[in-house]
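Asks: Predicted model, plus sequence, below.
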Amino acid sequence: MSRIGKKPIEVPQGVAVDLQGSTVAVKGPRGELRRTLHPEMKLALADGQFTVERPSEDKRHKALHGLTRTLVQNMVEGVSKGFVKTLEIQGVGYKAEAKPYGVNLIVGYSHPVKYEAPKGIKISVENNTTVKIEGADKEVVGQVAAELRSVRPPEPYKGKGIRYQGEQVRRKAGKTGAK
């Protein structure tokens, strides 16, 4: 049996879970999330605990069991605490500016790169080089962070670019020169 899938999900105070067939709606202080899960998984809500059961020991059902439980857990955690990803910008003259629509990136191109944040995502900029992405949906927060990083990924020679906080970039030696 899946070790992750068999654990029950504790629903914290102030979070409401609505189960209609295979559609789960979770509402909390940070927003509301809705997701349709695989119809073969058996979902149950009792005594403030959410459980997921699989119909058989089939390999596909085993994979779906852990996945379904984790998706619901992320929804519950997202509407109660939220998720945060932090990006760092390194390079001379590289910076970010927070705008009402999202963020403006100045990262060595001839023009500033305008990024519009999707609904439910809050982008804030601290000291021009740290971009903080916050939201209730873990998947969307990670996708926004990946899209911002892809504007100018860190290069291996000088390390300039946009990177995740704490990301290690492998550096390469430059040219050795003529002898």
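Replies: Alright, I've got the coordinates.

Asks: what residues does the longest helix belonging to the chain touch?
Replies: Counting by DSSP state H, the longest helix found in the chain is helix 59-80. The contact list for helix 59-80 (CB atoms under 8 Å, 6 or more residues apart in numbering) reads 1-7, 9, 11-12, 14-15, 17, 24, 26-33, 35, 37-38, 40-41, 43, 50, 52-55, 83, 135-139. Glycine gets a C-beta too; all of them are placed from N, C-alpha and C.

Asks: Now restrict these to buried residues only.
Replies: Burial by neighbour count, 16 or more other CB atoms under 10 Å: within the contacts of helix 59-80 this picks out 2, 5, 9, 11, 15, 17, 24, 26-28, 30, 33, 35, 37-38, 41, 43, 50, 52, 54, 83, 135-138.

Asks: Of the residues you listed, which belong to helices?
Replies: K138.

Asks: Among the buried ones among the contacts of helix 59-80, which ones are in strands?
Replies: Within the buried ones among the contacts of helix 59-80, membership in strands is found for 9, 17, 24, 26-28, 33, 35, 43, 50, 52, 83, 135, as judged by DSSP state E.

Asks: out of those, who's nearest E147?
Replies: The closest of those to E147 turns out to be G135 (CB to CB; 13.3 Å).

Asks: Can you give me the separation between that closest one and V107?
Replies: Going from G135 to V107 by CB to CB, to the nearest Å gives 23 Å.

Asks: same check, this time on L37
Replies: 39 Å.

Asks: OK, contacts around the residue nearest the centre of the chain?
Replies: The residue lying closest to the centre of the chain (CA atoms, centre = their mean) is G142, at 2.8 Å. By CB under 8 Å, 6+ apart, G142 lies in contact with 83, 85.

Asks: Let's see the pLDDT reported for it.
Replies: With respect to pLDDT, G142 has a value of 95.

Asks: a strand runs through V169, doesn't it?
Replies: No - per DSSP: H, G, I helix; E, B strand; the rest coil, V169 lies outside any strand segment and is coil.

Asks: my guess is it contacts R163, does it?
Replies: Yes - using CB atoms under 8 Å, V169 and R163 qualify as a contacting pair, with a distance of 6.3 Å.

Asks: Quick check: neighbours shared by those two?
Replies: Listed as contacting both V169 and R163 by CB under 8 Å, 6+ apart are P154.

Asks: Looking at the two now, which is surrounded by more residues?
Replies: More crowded of V169 and R163, by other CB atoms under 10 Å: R163, with 18 against 15.

Asks: And what about the more buried one, helix, strand or coil?
Replies: Criterion first, three-state DSSP; result for R163: strand.

Asks: Make 18 the first number, not 1, from now on.
Replies: OK, 18 is where the count begins now, so the last one is R180.

Asks: Cool, thanks, signing off.
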